[in-house]
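Trainee: coords below, sequence missing:
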């Protein structure tokens, strides 16, 4: 009798919930899309539990800050970058959009090389059968000389194999060689592997609402190395010690990016949450503040002691926010285009500087070394 009841329950669950939704290319962002997300701190959420017909409740998430994700069309890229990833490139390198990227371990790189690296973008191609990362671009400065450096991935990494449904698993490799010559004699090799598993489906609740979702997990390993001149040894390859990364995403149809994403780093065999981000409405975290983009110079990057901001608009306030969305420093300014922060006491990592000009806000990221 118990076996019959179990069989009936299983069949009933399958009939009611099916196998969840299916993701296709139209469920992912395209060039020109701009989407808002909120950033939350880790309060011990259970992000690993999953399964068929599962219900996830993250309604307790609290936004500390918000981001606008702009999936820039290739028409907004510098001319030389357009040549590498635009319509004149081979078909598999013709990017659909580019977006600000934190995939490259810049803080580690700049600890080896006497150069400044900023404005890092990832170039993605959206196709019927996949979403791929076809390369990067970055702005490199050495001895006062600055140039935009496009990097085509020699081995193109597939982030999503489409269509995507419950039970799907995909493995992909990515290799990018970043040659800084002639501006500086150094080469950076990036080797990545990505295992993607759709390990659950069901219902997700966040402050943004309740949705039918697929749960997607990415397990990412990266083994990078740098060739540069080392005193006594001369030219040599230096391996970089990078943690394994895990990404947990909840997707639904038509929202163009994950409804919720947890990113973790492996530390001594344990997963430590590095970021929590979820789709959200504009919350007005700073009452009446509207997000805009304007020119602002932030230097030096990476910063070690003092960080200087020079803005094209007069600023009334500026603050620093860490990767968990926590405000770690704030300066009240008297309508001046300048701000200086003493960041010597901050831990190494990626931070966001939020610049306020009256009723307007602009944000930029920087590296603390």
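Mentor: Nice, thanks for sending it over. Since this is a predicted model, take the numbers as computed values, not measurements. Numbering: from 1, shown residues only.
Trainee: ranges for the helices of the stretch 51-200 of the chain?
Mentor: For the stretch 51-200 of the chain, helices defined by DSSP state H, counting those that start in this stretch occupy the ranges 79-85, 106-110.
Trainee: which one of these lies nearest to residue 30?
Mentor: Residue 30 sits nearest to helix 79-85 of all the helices of the stretch 51-200 of the chain, at 15.1 Å, using Cβ to Cβ. All C-beta spots, glycine's among them, are computed from the backbone N, C-alpha and C.
Trainee: in the closest one, what's buried?
Mentor: 81, 82, 84, 85 (16 or more other Cβ atoms under 10 Å).
Trainee: with stretch 166-179 instead?
Mentor: For stretch 166-179, burial by neighbour count (16+ other Cβ under 10 Å) applies to 166, 168, 170, 172, 174, 176, 178.
Trainee: same check on stretch 212-225?
Mentor: Across stretch 212-225, burial judged by 16+ other Cβ under 10 Å covers 213, 214, 215, 216, 217, 218, 220, 222, 224.
Trainee: distance of residue 58 relative to residue 239?
Mentor: 37 Å (Cβ to Cβ, to the nearest Å).
Trainee: what of residue 143?
Mentor: Separation of residue 143 from residue 239 (Cβ to Cβ): 27 Å.
Trainee: try residue 25
Mentor: As judged by Cβ to Cβ, residue 25 and residue 239 stand 37 Å apart.
Trainee: quick one, which of those two is more surrounded?
Mentor: For residue 25 and residue 239, the more surrounded residue by other Cβ atoms under 10 Å is residue 25, and the numbers stand at 17 against 10.
Trainee: now do the contacts for the more buried one.
Mentor: 126, 127, 128, 131, 162 (Cβ atoms under 8 Å, 6 or more residues apart in numbering).
Trainee: what do you get if the cut-off is 6 Å, keeping everything else the same?
Mentor: Listed by Cβ atoms under 6 Å, 6 or more residues apart in numbering, the contact set of residue 25 reads 126, 128, 162.
Trainee: most neighbours, which of these?
Mentor: Per-residue neighbour counts (other Cβ under 10 Å) across the contacts of residue 25 peak at residue 162, which has 21 neighbours.
Trainee: hang on, that residue packs against residue 131?
Mentor: No. Using Cβ atoms under 6 Å, residue 162 is not in contact with residue 131, being 7.1 Å away.
Trainee: what sits closest to residue 265 if chain neighbours are left out?
Mentor: Counting by Cβ to Cβ, 6 or more residues apart in numbering, residue 265 lies nearest to residue 243, which is 4.2 Å off, once chain neighbours are set aside.
Trainee: give the contact list for the residue nearest to residue 85 when sequence neighbours are not counted.
Mentor: Closest residue to residue 85 apart from its sequence neighbours, by Cβ to Cβ, 6+ apart: residue 95 at 4.1 Å. By Cβ under 6 Å, 6+ apart, the residues touching residue 95 are 74, 85, 123, 125, 134.
Trainee: quick one: which of those residues is nearest residue 292?
Mentor: Of all the contacts of residue 95, residue 292 sits closest to residue 74, with 22.8 Å by Cβ to Cβ.
Trainee: state the distance from that closest one to residue 81.
Mentor: The gap separating residue 74 from residue 81 is 8 Å, by Cβ to Cβ.
Trainee: about what we covered before: wait, is the residue nearest to residue 265 part of a helix?
Mentor: No. With DSSP: H, G, I helix; E, B strand; the rest coil as the criterion, residue 243 is assigned coil and is not in a helix.
Trainee: which regions of this protein lie under the pLDDT threshold?
Mentor: With pLDDT under 70 as the threshold, the chain has low-confidence stretches at 1-18, 107-108, 230-233, 284-291, 324-325.
Trainee: how about the helix or strand hosting residue 273: buried residues?
Mentor: Following DSSP states H and E, one finds residue 273 within strand 270-279. Judged by neighbour count (16+ other Cβ under 10 Å), strand 270-279 contains these buried residues: 271, 273, 274, 275, 276, 277, 278, 279.
Trainee: same check on stretch 331-345?
Mentor: By 16+ other Cβ under 10 Å, the buried positions in stretch 331-345 come out as 333, 337, 339, 341, 343.
Trainee: residue 21 and residue 168: what is the separation?
Mentor: 12 Å.
Trainee: specify the beta-bridge partners of residue 354.
Mentor: Residue 354 forms beta bridges with residue 319, residue 363, as assigned by DSSP bridges.
Trainee: same deal with residue 239?
Mentor: residue 225.
Trainee: got it, and residue 273?
Mentor: Legend: beta-bridge partners of residue 273 under DSSP bridges are residue 264.
Trainee: might one say that it is in contact with residue 264?
Mentor: Yes. The pair residue 273 and residue 264 qualifies as a contact (Cβ under 6 Å) at a distance of 5.3 Å.
Trainee: hang on, the earlier thing: helices or strands up against the strand holding residue 273?
Mentor: If you count contacts as 3 or more Cβ pairs under 6 Å, 6 or more residues apart in numbering; DSSP states H and E, strand 270-279 packs onto strand 34-40, strand 260-267.
Trainee: many thanks, we can stop here.
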